Every structure is written in structure tokens, then in C-alpha cells.
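> Return a 3D structure for these sequence lines:
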Amino acid sequence: MTAQPTVGRSMPELQQAAKDHLWMHFTEMASYVDTDVPVITHGEGAYVYGADGRRRLDGLAGLFVSQVGHGRTEIAEAIADQAKRLAYFPIWTYAHPAAIELAERLATLAPGDLNRVFFTTSGSEAVESAWKLARQYFKAIGQPTRHKVISRRIAYHGTSLGALSITGVQALKTQFEPLVPSTVQVPNTNIYRAPTHGDDPEAFGRWIADQIEEAIVQNDPATVAAVYLEPVQNSGGCFPPPPGYFARVREICDRHGVLLVSDEVICAFGRVGAYFGAERFGYLPDMITFAKGATSGYVPLGGVIARERLMEPFHRKGAAFLHGITFAGHPVAAAAALANLDIFEKEKLLDHVRGNAPAFRAALEKLLDLPIVGDVRGDGYFYGIELVKDKATKETFTGEEATRLLKGFLSPALFDAGLICRADDRGDPVIQLSPPLICGPEHFDEIERILRGVLSEAWSRI
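Numbers count the residues shown, from 1 in each chain. Reported below is the predicted structural model:
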């Protein structure tokens, strides 16, 4: 395919308009004063096409979003059909068929008795909605002092002030302080840099879970509302759970009457080979937050799936969850999500991910022969590659070195080489990969080949 610029606008005109008017997210705008903004014009399958006419493998699925790939006419047609029938109506007091059908379908797919679906439009909104629900729930059952949240260090849970408060990445928080109080961070599950039990995954799992109980006790169990955990932690570079970790966390939460929130904004909808990461790792949370892959990015949609017991206080006469979002449960977004799930079933995408995940891991682990690659970790179609200065000692890069390596070289070099992925410095420097779920061994080989060339060049520049 060739580039398809916006009708009526030349690329130089679009570049100037972007520099004059578009405020990009998490972007150093000054970096584009003398450089073109990368413009993606269209996509097909696992690939996207730039204004320069070049094809690039979308190795991050947009932003952990494009599960079924780009250019799916089935979803586009479902969106158009729904917009013709009912483009918008709120789910405040009223309902519409698309939201009802999607809620029913998600409840069917979710584990255990997670049957109640509260829609949002984003992951940050989902995370914050779950916190608000936990707070009001505990007030409703006579435990009004429970308001605190425990999360993990370096974990990212969103950008709204409540979700940002739960986030464990201090560099993202400083500019917006003071934030919402009542949040506590505990160690994450990065066994590669474990301070203890690094050679014993099961012992490490017990120890790291017990850090959560220690935090609950230190902060007074009667004040703790929830523990927020991702099945595989995103920020820091795809930390999977050690054996027994989630079973022990579930026991700890039950012992202290604390809600367990599984933040699956990334891990849901096939990313780790199941509809929900909780199912993949065998635990039953009290709430699941979701977004991103629910529609494969065709329309924004997120939400919270809650267990039946959390709904019980709201069935009382006069009770209501005093929270709402104008565009949540949007008819067009719900129709997109239903079409997305139809593709999952028709193409057996979960089976596809489970069948090909070992090949993805094997392709990435080939890179361990490079001196700059310290660790390869993750699950399913969600992996991080940690970069080091010294493999023997695991010495990492300084902040200045990481910035120069990741932003100064790796990000543009990988883009130029035909691979879109994430060079991330929230924690130790990593390359993150999260390809569309339709990818197979030929795509994994392409990813490995491009990474090998660019990482080898990066090492020569150190």
C-alpha cells in the first residue's frame, strides 16, 4: 500500500498544522521544532503506513490496543450501522441495546461472579471509578474509614488525579502534587532485580506478596479499601507474577477485608492469552478494570466489572452509585466492542495467542546473546527487554545515559528500521513489545531481526 494523505492537504501543510496546533501527549514538543512529526496515515493488519510511504510493523499494537489489527471492516461497518440507528444516548437512568448486550457478554466472559459492568471511556476513568466504588461501598456497609489504596512501585494506573495518585511512578506525579492522599506503594514483582530470593521464584512470590500484608497492617487494616495490581505490570517492563503470588495476595485481602482490583487496562482481551489476566493467572479479583483492547481501539471504551456483593448495597431503596460519565457506554463504542469480540470468537484469537506465545518468547530470547540485553520477561504477547551496561553485574544506565540511549537513539532508530515499539525509562531502561494478536512467527522473526540490528548499533555507541 502507498501513503494516503488527508484529502486536500499536502504533507508539508499537515506538518505545519501539527507544529502550530497539535499538543501531543507525553511529548517534548520542542523536539519537533526542526524535525518532522512522525505522521501515520493508515494501517492494515499488523502494519501501519507513514506519510513517508513506508510500512512499519506495529509492535506495540498502537498503545497495547489494536488486538485484531488495523483496517477491520467488520468493526467499521458495525460502527456505521450503530451510528445510523442511535449515535448517542446516555446510560444515566436510561439504557440502550448495545450497552445492555455488551454488559451481558462481558459478564459471561469474566471469571466467577464478576457480573456487574460499569462503563467508562478510558482506563484512567476505570481505575478511578473502581476507587470511588470501593469508597462508597464501604460507607454503605458501615465501614466508612476504609479509603486507602495499595499499589506497586513503578506501576502505572492512569493520568487523572485519582488514578495518578495510585500510580507508582514518581516522575509522573511531581508536577501535579498535591495529589489525592491515601495511597501506599509496595515492591513490584521484578525478580530480575529482587532484593531477596532472586534465585527462588516461589520464595520470592511469598515474600513479595507478604509486603502487601505488611503495608495493610502498618496503615491500619480498618482504613484500607483496595489493593490495585496488574496481572503483568506494564511500567518498568512487563513484570509477570511469580508462582503463588496472586493466590497469596487473595488470601491476604480476604483476611483483612480489603478489595482486590485487577487492573487489566492492558492485560484484558487476549494480551496474555485469555479474555482476562485474572483467568490466566488463576485468581478471582473483586473488580476488573478494562479499556484499550475492548474495542481494539476503534472507539474509546473502558469500564469496571464488579462482583455481585459490591452491587448488593446499591439494590437498597434510594441507593445509587453517585458517579457517571457522559460518554460511558456510548452506543457506537459498545457496537465496536461487540464486533471486536465477534472477531475474537470467529478467528479463535485466544487459541492463536496461546499457540504462538512460546514462539514469540523464543524469538525475543535470541537477543540474550547481545551484551546490551540483560533480561527478557513477560507473558503472552506482552514482553519487555531490559537493557544493561554489564550483563554480569546487571549494572544499569544512569538517568542521563538512559535518556541519550532511549530517546536520543533507540526510539528514532527503531522507527526508521520499520518497527514501532516502546523505549521506556520508567524504571530501568526497557524495550516493550505488544504486537497485535493476529501476529505469528513471521512477525516475531521480523521483530527480532530489527531489534538485533538496532540494539547492536546502540551497543557500539555506548
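> switch to C-alpha atoms for all contacts and neighbour counts from now on
Fine.
> give me the element the closest residue to Pro285 other than its chain neighbours is part of.
Closest residue to Pro285 apart from its sequence neighbours, by Cα to Cα, 6 or more residues apart in numbering: Leu260 at 5.1 Å. Counting by DSSP states H and E, the element that carries Leu260 is strand 259-263.
> Does the helix or strand where Arg377 lies pack against any helices or strands, and if so which?
Element membership of Arg377, judged by DSSP H and E, is strand 373-379. Packing partners of strand 373-379 (3 or more Cα pairs under 8 Å, 6 or more residues apart in numbering; DSSP states H and E): helix 349-365, strand 382-387.
> rewinding a little: now the element after the strand holding Leu260, going C-ward?
helix 277-281.
> buried stuff in that next one?
Within helix 277-281, the residues that count as buried by 16 or more other Cα atoms under 10 Å are Gly277, Ala278, Glu279, Arg280, Phe281.
> Can you tell me the SS state at the nearest residue to Ser262 once chain neighbours are set aside?
When the adjacent residues along the chain are set aside, Ser262 lies closest to Ile288, with 4.8 Å between them (Cα to Cα, 6+ apart). On the three-state scheme (DSSP: H, G, I helix; E, B strand; the rest coil), Ile288 is labelled strand.
> Surely Ile266 and Ile288 touch.
No: in terms of Cα atoms under 8 Å, Ile266 does not count as a neighbour of Ile288; the distance is 11.3 Å.
> Would you mind telling me which of the two has more residues around it?
When Ile266 and Ile288 are compared for neighbours, Ile288 comes out ahead with 31 against 28, by other Cα atoms under 10 Å.
> picking that back up, how distant is the strand holding Arg377 from the center of its chain?
The chain centroid and the centroid of strand 373-379 are separated by 17 Å under Cα atoms, centre = their mean, to the nearest Å.
> contacting residues for Ala215?
Contact analysis of Ala215 by Cα atoms under 8 Å, 6 or more residues apart in numbering lists Ile150, Val184, Val186.
> in which helix or strand would I find it?
For Ala215, the enclosing helix or strand under DSSP H and E is helix 201-218.
> Would you mind listing the buried residues in that helix?
Under the neighbour-count criterion of 16+ other Cα under 10 Å, helix 201-218 has 201, 203-213, 215-216 buried.
> ok, now stretch 104-116?
Neighbour-count burial for stretch 104-116, counted by 16+ other Cα under 10 Å, picks out Leu106, Ala107, Leu109, Ala110, Pro111, Asp113, Leu114, Asn115, Arg116.
> cool, and stretch 244-256?
Buried residues in stretch 244-256 (16+ other Cα under 10 Å): Gly244, Tyr245, Phe246, Ala247, Arg248, Val249, Arg250, Ile252, Cys253, His256.
> Convert the C-alpha atoms of that stretch to CSV, please.
Taking Å, rounded to 0.1, in the frame of the first residue of the first chain, the C-alpha atoms of stretch 244-256 are listed here in CSV:
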residue,chain,number,x,y,z
GLY,A,244,1.8,-18.5,44.0
TYR,A,245,1.8,-14.7,44.2
PHE,A,246,-1.8,-14.0,43.4
ALA,A,247,-3.2,-16.8,45.5
ARG,A,248,-1.4,-15.4,48.5
VAL,A,249,-2.5,-11.8,47.7
ARG,A,250,-6.1,-13.1,47.5
GLU,A,251,-5.7,-14.7,51.0
ILE,A,252,-4.2,-11.5,52.4
CYS,A,253,-7.0,-9.3,51.1
ASP,A,254,-9.7,-11.7,52.4
ARG,A,255,-8.0,-11.9,55.8
HIS,A,256,-8.1,-8.1,56.2
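> Show the low-confidence segments of this protein, by residue range.
Across the chain, the stretches falling below the confidence threshold (pLDDT under 70) are 1-8.
> And the strands in the stretch 1-150 of the chain?
Under the criterion DSSP state E, counting those that start in this stretch, the stretch 1-150 of the chain contains strands at 40-44, 47-50, 55-58, 114-120, 148-152.
> Tabulate the ones you listed (TSV), appending distance to Asn234.
As requested, these are arranged in TSV below (distance: least, Cα to Cα, whole Å):
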stretch	distance to Asn234
strand 40-44	24
strand 47-50	23
strand 55-58	18
strand 114-120	21
strand 148-152	11
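> Minimum distance to Arg354: which of those has it?
Distances from Arg354 to each of these were compared using Cα to Cα; the shortest belongs to strand 55-58, at 19.9 Å.
> Which elements pack onto the closest one?
strand 47-50, strand 419-420.
> Which stretch among the ones you listed is buried most, on average?
The highest mean neighbour count among the helices and strands packed on strand 55-58 belongs to strand 419-420 (a mean of 25), with neighbours defined as mean count of other Cα atoms under 10 Å.
> Quick check: next helix or strand after that one?
Taking DSSP H and E as the definition, the helix or strand right after strand 419-420 is strand 422-424.
> picking up where we left off before, to Ala319, which of the strands of the stretch 1-150 of the chain lies closest?
Minimum separation from Ala319 across these (Cα to Cα) falls at strand 114-120, 15.8 Å.
> Can you tell me what sits against that closest one?
In contact with strand 114-120 (Cα under 8 Å, 6+ apart) are residues 103-104, 106-108, 126, 286-287, 301-308, 311, 325, 327-329.
> related to what we said a few turns ago, quick one: which of the strands of the stretch 1-150 of the chain is nearest Ala423?
Taking Cα to Cα, strand 55-58 is the member of the strands of the stretch 1-150 of the chain nearest to Ala423, at 13.8 Å.
> For that closest one, which strands pair with it and how are they oriented?
Strands adjacent to strand 55-58 in the sheet, as given by DSSP bridges, are strand 47-50 (antiparallel), strand 419-420 (parallel).
> Could you tell me the end-to-end distance of stretch 182-201?
With Cα to Cα, to the nearest Å as the measure, stretch 182-201 spans 31 Å from end to end.
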